[in-house]
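# Got a predicted structure plus its sequence, pasted below:
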Amino acid sequence: MGTDRIDFTGKTALVTGGSRGLGLAMAGAFAEKGAHVAICGRKQENLDRAVQELKAKGLQVLAHPAHMGKADQVDALFTAVEETFGRLDILVNNVGMNLPTPSVAEVEEGLWDKILEGNLKSAFLASGRAVPMMKARGGGRIVNISSIAARKATRGMGVYCVAKAGLEMYTRVLAAELAGDGICVNAVAPGMVRTGFSKPFWGNEALLQQITASIPMGRIAETGDVVGAVLFLCSSWADYITGEVVTVDGGGSIL
């Protein structure tokens, strides 16, 4: 491996929700570090744009459409990864979604199911397919993308908070179960990241100033801030780290 020990040459990484935003940034970073990379997304046009964007940087990825909350589509995705690369070493469960919701006591059942499916069930299904592939090679890495919302009850996004809290406990349970198999399972919990997902917040200057005033470092995260934490957890630097949630929020949660 390289002297910085972050070298994924010969390894295969799958980034779910990798067609845009944070997922696309992570996919590009893995490819730059030598990994074979697969991404998925629900919309073919977003996948096509992602492939072209990475190709312009001299990077190649396998792009496969999939709804990660649907078992048959997850199966098809992992079959494509196995047939193309013959192995899987790294899984980043990045797929997530949020919608404004009323009180969790009043939210409509279908909306509850949709948010839980997008943030928690998706990781359950993907990890279930990834684990046998990793065990066959003697180990691997799973990183779940959580949120500081997992530990902070927030009006209007309560179901999302519940889903991400569940994802963090899922991370710990899976880590305990797989530690003897050489599979490290961790999570990264960002604060607000400057992506299209959160643009309704940071795109409003007055709201952005209000948000940054609560962050000791005085800014919201850029994608690179989160990517660095993910790459570290997937590298040999983190061989003895499992079951952890790394918070990437500029110190916002310490106040």
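Now that the structure is in, tell me what you want to look at. Numbering: from 1, shown residues only.
# The residue nearest to Gly34 when sequence neighbours are not counted: what secondary structure?
Counting by Cβ to Cβ, 6 or more residues apart in numbering, Gly34 lies nearest to Thr9, which is 3.5 Å off, once chain neighbours are set aside. Bear in mind the C-beta positions are built from the backbone N, C-alpha and C, glycine included. What DSSP: H, G, I helix; E, B strand; the rest coil gives for Thr9 is coil.
# wait, doesn't Thr9 sit right on Glu32?
No: assessed by Cβ atoms under 8 Å, Thr9 is found out of contact with Glu32, at 11.1 Å.
# Please say which of these two ends up with more neighbours.
Neighbour tally, Thr9 and Glu32, criterion other Cβ atoms under 10 Å: the higher count belongs to Glu32, 15 against 10.
# excluding its backbone neighbours, what's nearest that one?
Leu59 (6.7 Å).
# Any stretches of this protein with poor pLDDT?
Low-confidence segments of the chain (pLDDT under 70): 1-4.
# Would you map the helices across it?
21-32, 44-55, 71-85, 109-116, 122-136, 158-178, 199-202, 205-212, 223-234 (DSSP state H).
# Figure out which of the ones you listed is closest to Ala150.
Within the helices of the chain, the stretch nearest Ala150 is helix 158-178; the backing value is 3.7 Å (Cβ to Cβ).
# Which strands or helices does the closest one pack on?
Helix 158-178 is packed against helix 109-116, helix 122-136, strand 140-145, strand 183-190, with contacts defined by 3 or more Cβ pairs under 8 Å, 6 or more residues apart in numbering; DSSP states H and E.
# what about Ala13, neighbour count?
Using other Cβ under 10 Å, Ala13 is surrounded by 31 other residues.
# From His36, how far out is it?
7 Å (Cβ to Cβ, to the nearest Å).
# residue contacts, Ile220?
Shown in contact with Ile220 (Cβ atoms under 8 Å, 6 or more residues apart in numbering): 191-194, 198, 202, 208, 211-212, 250.
# rerun at 10 Å
Going by Cβ atoms under 10 Å, 6 or more residues apart in numbering, Ile220 touches 190-195, 198, 201-202, 208, 211-212, 249-250, 252.
# now the residue positioned nearest the centre of the chain: how far from Leu120?
A centroid search over the chain (Cα atoms, centre = their mean) returns Asn94, at 2.2 Å, as the residue closest to the centre. Noted for Asn94: a distance of 13 Å to Leu120, by Cβ to Cβ.
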